[in-house]
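K.L.:
Got a sequence here, can you build the structure:
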Amino acid sequence: MRHSFALALLITCGLHAGETAPDPAAIQAAMQQMTTPVAEHAALAKTVGDWDVQSSMWMAPGAPPEVSKATATFAALLGGRWIRQDYQGSMMGQPYVGVGMSGYDTVAKEYVATWFDGFSTAPSHMTGASKDGGATITYLSEMKHCPMTGGPLSMRSVLSNESADRMVFTMFNTPKGGTEQKSMELIYTRRKVAK
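P.N.:
Residues are numbered from 1 along each chain as shown. Got it, this is the predicted structure:
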């Protein structure tokens, strides 16, 4: 099984005419690195469980935020390589449902996340880095066509794991040629299990 997977990887990555095929042991070592969860995955796994969320969204600079309540459930998938978030709340008076996938790419050495929701047909892709072992992760992403500005939008999101029972996700937007502004803050509080 391992050899067939390594062969498939070799074919997928492509071998150009005249190039020497990589050593099978080197392929095996690369596959081991790519498939083995590391400390960054363990840090992400600390979010697993049920959470209550206070959502604040700023629709325009200087405007008061739209505040609402939501719930979120985080689950580990595929041997802890990925964390799935199922989010349910409201936005602009409408039901809002989102699904997020986050993980750590051991080859690129960066956090990765993708977000899907019922308000858009375009997913959001983010890459991130941390200087404190995953306690704080700063993600960067780009939206090519923002429906509110009509142009591209740069986004910086910061996930702060303040304790085992509280985390804050803050998003900042920068329109092309504009200045960064806070657009969203989600305060997650772990739901306590009744004893």
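
K.L.:
residue contacts, the residue nearest to P61 when sequence neighbours are not counted?
P.N.:
Nearest residue to P61 in three dimensions, chain neighbours excluded: Q181, at 5.1 Å (C-beta to C-beta, 6 or more residues apart in numbering). Backbone N, C-alpha and C define where each C-beta goes, glycine included. Applying C-beta atoms under 8 Å, 6 or more residues apart in numbering, we find Q181 in contact with 58, 61, 172-174.

K.L.:
top of these by neighbour count?
P.N.:
Counting neighbours by other C-beta atoms under 10 Å, N173 comes out on top of those with 22 neighbours.

K.L.:
Buried residues of stretch 70-89, list them for me.
P.N.:
By neighbour count on 16 or more other C-beta atoms under 10 Å, the buried set for stretch 70-89 is 70, 72, 74, 76, 81-85, 87, 89.

K.L.:
Contacts for that stretch, please.
P.N.:
Stretch 70-89 is contacted by residues 35, 37, 41-42, 44-45, 47-55, 68-69, 90, 95-103, 117, 186, 188, 191 when judged by C-beta under 8 Å, 6+ apart.

K.L.:
which among these end up buried?
P.N.:
37, 41, 44-45, 47, 51, 53, 55, 68, 96, 98, 100, 102-103, 117, 186, 188.
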